[in-house]
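Novice: I'd like to go over a predicted model; first the sequence, then the structure.
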There are 2 protein chains.
Amino acid sequence: MVTLTEENYLKTIFHLGQEGREAVSTNAIAEKIDSKASSVTDMVKKLADKKLAHYVKYQGVTLTKQGRKTATSVVRKHRLWEVFLVEKLNFKWDEVHEVAEQLEHIKSSKLIQELDAFLGFPTHDPHGDPIPDSEGNLTQVVSYNILEVPKGTRGILVQVKDSSDVFLKYLNKNRLHIGIQITVGSIEPFDQSLMISFEGKSLTISNTVAQNLLIQILP
Amino acid sequence: MVTLTEENYLKTIFHLGQEGREAVSTNAIAEKIDSKASSVTDMVKKLADKKLAHYVKYQGVTLTKQGRKTATSVVRKHRLWEVFLVEKLNFKWDEVHEVAEQLEHIKSSKLIQELDAFLGFPTHDPHGDPIPDSEGNLTQVVSYNILEVPKGTRGILVQVKDSSDVFLKYLNKNRLHIGIQITVGSIEPFDQSLMISFEGKSLTISNTVAQNLLIQILP
DNA sequence: TTAAATTTTTAGATTAGTCTAAACTTTTTT
DNA sequence: AAAAAAGTTTAGACTAATCTAAAAATTTAA
């Protein structure tokens, strides 16, 4: 049996592992889940005992096959519930996170299978993040960060990397949501802010904001 | 903050209090939640400290106003989720309990409000148990146990008192489900079993089964 | 390539919830 | 109304998950 706390650690290690490819450090985990490095060390040992993680003292953690499977299953549930909340229960994309954090731990394979069907087998959550299939496979859409494409590129906003509610509220305020067509303008050399235009208007966004927007390029 | 475990105790005390009217005994709680009397004593003290229960040593427990409110809120969530599982996710009425036990602890007032609306403000769960409103009020339909009405009485099966999956599977097998019209036959003096007829056929049910069937009498 | 800084681990404590076994109340029986 | 039985509480111990403070290892910098 995997406890709720263990699931949260696995999920966190999975997410951190996605970015860096490398073994994940104790401190990185502690920061993400807002706890102390010493607590993380203890838990990581337990995960290793349960064959859910590979752990070498002072060298960080990676997930085993089984650990990865548990992690993606939690991520799958989280994202399916987010779709449910937005599509069926009138939640906004900046309101779903906290509730999905709870719902992702409900244990019932029938539940998640039926929920998936009920929602029409969605492939992405409201933030454009891909939903792992029941085997844990993630099919990432080919997308580009809005900063790395040449000026004049047109694309569809398909994903936002930061899902914090402050960021999502900023996007709401500026009418930036998944699915809109964006034309990328020029980068200001002074502060790397970026000019974009969409739905007839132009907007300058900070480099920090731009880093979090992924588009699918239109021909 | 009320913990998940405290919520389960409050719910249990509420259910046991419904039947007996009296203060609920430590042992009764222990048996229901499959734990030991000593554990119950500890927890009940904690509930009293938090002003969720009235507790006098050796005299049992009752809920305070606040405790009752928390308990009914959990019951409300449990029953709403049961409706969701049956109506939207193709669960059978004997499959919902375990999952609803988990879902009842999800904390989000928006979630439960929206779920209620999404389901069309149901008044009863799949077993015919009433769903408390958001204030904790329960409007029990006037119903009678099938054993206490005179021979020849006709009524609609509106509620089953036992929701265990063995019992529900027995009912499935015999085509006994909420909403059917039943005519009550005679009680066998030897073993108090009861003859009933519904949908054109007759069936003899044991006294134990009969005790769990509630009907609303037809004129 | 040592010294300093940073990161990680260990040791020992704490809290929530549980248990067993013994002690204490209450209830039932004689 | 005393003795026996049943029910309840207390005392002390255990586990999971967390923390602080100190010790150990690794990385960075001089």
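Specialist: Good, I have the coordinates.
Novice: Now the residue nearest to the spatial centre of chain A. Its backbone dihedrals?
Specialist: Nearest to the mean C-alpha position of chain A, counting by Cα atoms, centre = their mean, stands residue A:129 at 5.5 Å. Phi and psi for residue A:129, reported as degrees, to the nearest 10, are phi -80, psi 140.
Novice: tell me the contacts of the nearest residue to residue A:114 once chain neighbours are set aside?
Specialist: Among residues not flanking residue A:114 along the chain, residue B:89 sits closest, at 3.9 Å (Cβ to Cβ, 6 or more residues apart in numbering or on different chains). All C-beta spots, glycine's among them, are computed from the backbone N, C-alpha and C. The contact partners of residue B:89, taken as Cβ atoms under 8 Å, 6 or more residues apart in numbering or on different chains, are A:110-111, A:114-115, A:118.
Novice: which of those residues are buried?
Specialist: Listed as buried from the contacts of residue B:89 are A:111, A:114-115, A:118; burial here means 16 or more other Cβ atoms under 10 Å in any protein chain shown.
Novice: Might you enumerate the residues of chain A proximal to DNA strand D?
Specialist: Within chain A, the positions near DNA strand D by Cβ under 7 Å from any atom of the strand are A:3-6, A:35-36, A:38-39, A:42-43, A:46, A:57-58.
Novice: Please narrow those to those residing in strands.
Specialist: The strands, defined by DSSP state E, take in nothing from the residues of chain A next to DNA strand D.
Novice: hmm, the helix or strand bottoming out on mean pLDDT in chain A touching chain B?
Specialist: Ranked by mean pLDDT, DSSP states H and E, the helix or strand of chain A with the weakest confidence is helix A:165-173, at a mean of 91. No. Using Cβ under 8 Å from any Cβ of the partner chain, helix A:165-173 never reaches chain B; the gap is at least 13.6 Å.
Novice: which stretches of chain A aren't confidently modelled?
Specialist: Counting by pLDDT under 70, chain A contains no low-confidence segment.
Novice: Within range of chain B, give me the residues from it.
Specialist: Applying Cβ under 8 Å from any Cβ, one finds that chain A approaches chain B through A:85, A:88-91, A:95, A:98-99, A:102-103, A:105-108, A:110-111, A:114-115, A:118.
Novice: Recalculate using a threshold of 6 Å.
Specialist: A:89-90, A:99, A:102, A:106, A:108, A:111, A:114, A:118 (Cβ under 6 Å from any Cβ of the partner chain).
Novice: Would you map the helices across chain A?
Specialist: Remark: helices assigned in chain A by DSSP state H are A:4-20, A:26-32, A:37-49, A:65-88, A:97-103, A:109-118, A:165-173, A:207-211.
Novice: quick one, which of those helices is packed in tightest?
Specialist: helix A:65-88 (a mean of 21; mean count of other Cβ atoms under 10 Å in any protein chain shown).
Novice: could you say what helices and strands it packs with?
Specialist: Applying 3 or more Cβ pairs under 6 Å, 6 or more residues apart in numbering or on different chains; DSSP states H and E, one finds that helix A:65-88 contacts helix A:4-20, helix A:97-103, helix A:109-118.
Novice: And for residue A:105, the neighbour number?
Specialist: Residue A:105: 19 surrounding residues under other Cβ atoms under 10 Å in any protein chain shown.
Novice: Report the contact partners of it.
Specialist: Contact analysis of residue A:105 by Cβ atoms under 6 Å, 6 or more residues apart in numbering or on different chains lists A:4, A:7.
Novice: how near is it to residue A:205?
Specialist: 35 Å (Cβ to Cβ, to the nearest Å).
Novice: Quick check on the residue of chain A most remote from its centre: phi, psi?
Specialist: In chain A, the residue that sits farthest from the middle, by Cα atoms, centre = their mean, is residue A:190; the gap is 30.3 Å. Main-chain dihedrals, residue A:190, degrees, to the nearest 10: phi -70, psi -50.
Novice: I'd like to know how far it sits from residue B:59.
Specialist: Residue A:190 is 76 Å from residue B:59, by Cβ to Cβ.
Novice: wait, residue A:11 sits on residue A:74?
Specialist: Yes. Contact status for residue A:11 versus residue A:74: in contact at 4.8 Å, counting by Cβ atoms under 6 Å.
Novice: To what extent is the residue nearest to residue A:156 when sequence neighbours are not counted buried, counted in neighbours?
Specialist: Nearest residue to residue A:156, sequence neighbours excluded (Cβ to Cβ, 6+ apart): residue A:216, at 4.9 Å. Neighbourhood size, residue A:216 [other Cβ under 10 Å]: 14.
Novice: Could you do residue A:123 as well?
Specialist: When neighbours are defined as other Cβ under 10 Å, residue A:123 has 12 of them.
Novice: Ok, residue A:141 next?
Specialist: Residue A:141 has 13 nearby residues by other Cβ under 10 Å.
Novice: ditto for residue A:3
Specialist: Using other Cβ under 10 Å, residue A:3 has 11 other residues around it.
Novice: Likewise for residue A:187?
Specialist: Residues near residue A:187, counting by other Cβ under 10 Å, number 15.
Novice: and the two most separated of the residues of chain A next to DNA strand D?
Specialist: The most widely separated members of these, counting by Cβ to Cβ, are A:4 and A:58 (27.9 Å).
Novice: show me the contacts for residue A:169.
Specialist: Residue A:169 touches residue A:94, counting by Cβ under 6 Å, 6+ apart.
Novice: hang on, the earlier thing: for the residue farthest from the centre of chain A, give its distance to residue A:174.
Specialist: Distance of residue A:190 to residue A:174, computed by Cβ to Cβ: 21 Å.
Novice: And for residue A:213?
Specialist: According to Cβ to Cβ, residue A:213 and residue A:174 sit 11 Å apart.
Novice: Likewise for residue A:134?
Specialist: Distance from residue A:134 to residue A:174, counting by Cβ to Cβ: 37 Å.
Novice: Same check on residue A:202?
Specialist: Distance, residue A:202 to residue A:174, using Cβ to Cβ: 11 Å.
Novice: Between the two, which has more neighbouring residues?
Specialist: Using other Cβ under 10 Å, the more surrounded residue of residue A:202 and residue A:174 is residue A:174, with 13 against 10.
Novice: so what's the backbone phi/psi at that one?
Specialist: The phi and psi torsions at residue A:174 (degrees, to the nearest 10) take the values phi -100, psi 10.
Novice: Report the separation between it and residue A:124.
Specialist: 21 Å.
Novice: Can you pull up the residues of chain A that come close to DNA strand C?
Specialist: Near DNA strand C, when you scan chain A using Cβ under 7 Å from any atom of the strand, you find A:25-28, A:37-38, A:40-42, A:44-45, A:55, A:57-60.
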